[in-house]
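1. everything below, folded, please.
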Amino acid sequence: MTTKLENKMKIVYCIAAVHNSGGMERVLANKANYLAAMGHEVIVITTDQAERLPFFHFDNRIKFFDLGINYFEEVDSKLLNKIISYVGKQSRHKRRLEKLLAELKADIVISMFDQDVSFLSKINDGSKKLLEIHFSRFKKLQYDRSGLIGLIDKYRSSKDLKLAKRYDQFVVLTEEDRHYWTGVDNVNVIPNANSFETSEVAQLKGKRAIAIGRLDYQKGFDNLITIWSEVNRDNPEWRLDIFGDGPLKNDLLTQIIHSGLGDIVKIHSAVKNIETELLKSSMIVMTSRYEGFGMVLIEAQTCGVPLVAFACKCGPRDIIKDGENGFLIEEGDESMMVKRINELINNPELRIEMGKKAKEMSNEFKMEKIMSEWTTLFDGLINRRS
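-> Predicted structure coming up:
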């Protein structure tokens, strides 16, 4: 339950859009709704919403403004055209955001490390500026791209350090990630909160594993399908259900068919109430190449579901205690991933034991606890200003 406060704040979040079903959008909706219920005035400013409805529910007291920049219009253009277009859009973005913030007169303005990150801290509207990141420090380098694009990735990654220092406070999601921001002394660690609470727990009896996330390179579902081919040899009766949407859907469907897993591995569209699917599962598997946190892991914990994940940067190391609430596997060790999944499949008692521990550890991520850390941070900034 939320507790209303006497000292109300006007809090602005800046994000590209909220029509996607991603973890960052879900986390924003949860935080914004909580703050609005406390009595704070919450505003969300987008650049690429384009009149589309939010995927997740937002409290009707929350106000939305879209600046109409539409950065993603150029996603399929040639590199030079992208650069020229980006420069112009950055200029328009800064002007429009400056004008809007001058009118809003907010107490706190938060960048979610999106297209505004390079200039928001310089806008002199009287508000305190916060920066929060939902990816790991080295996210821009995870693709290991070569040539000019690779050089741009390295430049932007090095620039991130300088940008983070410009903000009044910088918030990362994990202790692991904090250590990668060398020389940045304004870092706070505030993890994501459970996106829902439930008294129910998964029975862990069904022969079904679940994986959740956007169908893109980051989530590594191509590797998961390869892994499940090995699992299927010893446990052909077990199913894998993947929930998500994204650009690699057709590629993944083709891989499933070519692997002979058409009746075993299914891809389903993203759902708003993932709790229902988690409660019907016996384990969650994450094969991400990188994460900012691993929101689906704490959601699974809330339902008492054992966790199996690669120890990618960053997130799983802060959530999984290997051998207690699940298994943490070194990045890329697919044979160990197969072994651990089979271990959970063949040992129902271990699933139940890990599920109980997961439910217990989910208390560390309760919404009230996490949002108390945020409001304490906000209050400290406001008091420092006054």
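2. tell me if I'm right that residue 321 and residue 360 touch.
-> No: at 10.9 Å, residue 321 does not count as touching residue 360 under the criterion of Cβ atoms under 8 Å. Every residue, glycine included, has its C-beta placed from N, CA and C.
3. who has more neighbours out of these two?
-> Using other Cβ atoms under 10 Å as the criterion, residue 321 and residue 360 rank with residue 321 on top: 16 against 13.
4. domain-wise, how is this structure divided?
-> Domain assignment for the chain by automatic domain parsing gives 10-193+366-385, 208-364.
5. would you format the ones you listed as a markdown table with mean pLDDT and distance to residue 201 included?
-> Converted to a markdown table, the domains of the chain look like this (pLDDT from 0 to 100; distance: least, Cβ to Cβ, whole Å):
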| stretch | mean pLDDT | distance to residue 201 |
| --- | --- | --- |
| domain 10-193+366-385 | 91 | 16 |
| domain 208-364 | 96 | 3 |
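6. mind putting those in JSON lines, distance to residue 199 included?
-> As requested, the domains of the chain are exported to JSON lines (distance: least, Cβ to Cβ, whole Å):
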{"stretch": "domain 10-193+366-385", "distance to residue 199": "13"}
{"stretch": "domain 208-364", "distance to residue 199": "10"}
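7. among the ones you listed, which is nearest residue 202?
-> domain 208-364 (5.0 Å; Cβ to Cβ).
8. I'd say residue 370 and residue 173 touch.
-> No: at 10.5 Å, residue 370 does not count as touching residue 173 under the criterion of Cβ under 8 Å.
9. which residues are in contact with both of these two?
-> Common neighbours of residue 370 and residue 173 (criterion: Cβ atoms under 8 Å, 6 or more residues apart in numbering): 190-192.
10. by neighbours, which of these wins?
-> Using other Cβ under 10 Å as the neighbour criterion, residue 192 leads those with 26 neighbours.
11. and the nearest residue to residue 253 once chain neighbours are set aside, its phi and psi?
-> Spatial nearest neighbour of residue 253, excluding adjacent residues (Cβ to Cβ, 6 or more residues apart in numbering): residue 267 at 6.3 Å. In terms of degrees, to the nearest 10, the main-chain angles of residue 267 are phi -110, psi 130.
12. what segments of the stretch 101-250 of the chain are helices?
-> For the stretch 101-250 of the chain, the helices defined by DSSP state H, counting those that start in this stretch cover 147-165, 175-178, 221-234, 249-258.
13. pull out the buried residues from the last one.
-> If you call a residue buried by 16 or more other Cβ atoms under 10 Å, then helix 249-258 has these buried ones: 249, 252-253, 255-256.
14. tell me the angle that helix makes with helix 221-234.
-> Helix 249-258 and helix 221-234 meet at an angle of 20 degrees, taking axes from the mean of the first three to the mean of the last three Cα atoms, to 10 degrees as the criterion.
15. same for helix 249-258, what does it pack against?
-> Here helix 249-258 touches helix 221-234, strand 265-268, going by 3 or more Cβ pairs under 8 Å, 6 or more residues apart in numbering; DSSP states H and E.
16. what's the closest of the ones you listed to residue 52?
-> When those are compared (using Cβ to Cβ), the closest one is strand 265-268, at 21.5 Å.
17. alpha carbons only: can I get the closest one in CSV?
-> C-alpha atoms of strand 265-268 as CSV (Å, rounded to 0.1, in the frame of the first residue of the first chain):
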residue,chain,number,x,y,z
VAL,A,265,9.0,-24.8,-28.3
LYS,A,266,6.2,-22.2,-28.8
ILE,A,267,6.5,-18.4,-29.2
HIS,A,268,3.6,-16.4,-27.9
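18. could you number the chain from 41 rather than 1 from now on?
-> I'll keep to 41 as the first residue from here, and by that count the last item is strand 305-308.
19. sheet-wise, list the partners of that strand with their directions.
-> Using DSSP bridges, the strands paired with strand 305-308 in its sheet are strand 279-283 (parallel).
20. all strands of this protein, in order?
-> For the chain, the strands defined by DSSP state E occupy 50-55, 81-86, 103-106, 148-151, 168-172, 209-212, 227-229, 248-252, 279-283, 305-308, 323-326, 347-350, 366-369.
21. of all those strands, which lies closest to residue 265?
-> Ranking those by proximity to residue 265 (Cβ to Cβ) places strand 305-308 first, at 6.1 Å.
22. quick check: residue 373 vs residue 348, distance?
-> Noted for residue 373: a distance of 12 Å to residue 348, by Cβ to Cβ, to the nearest Å.
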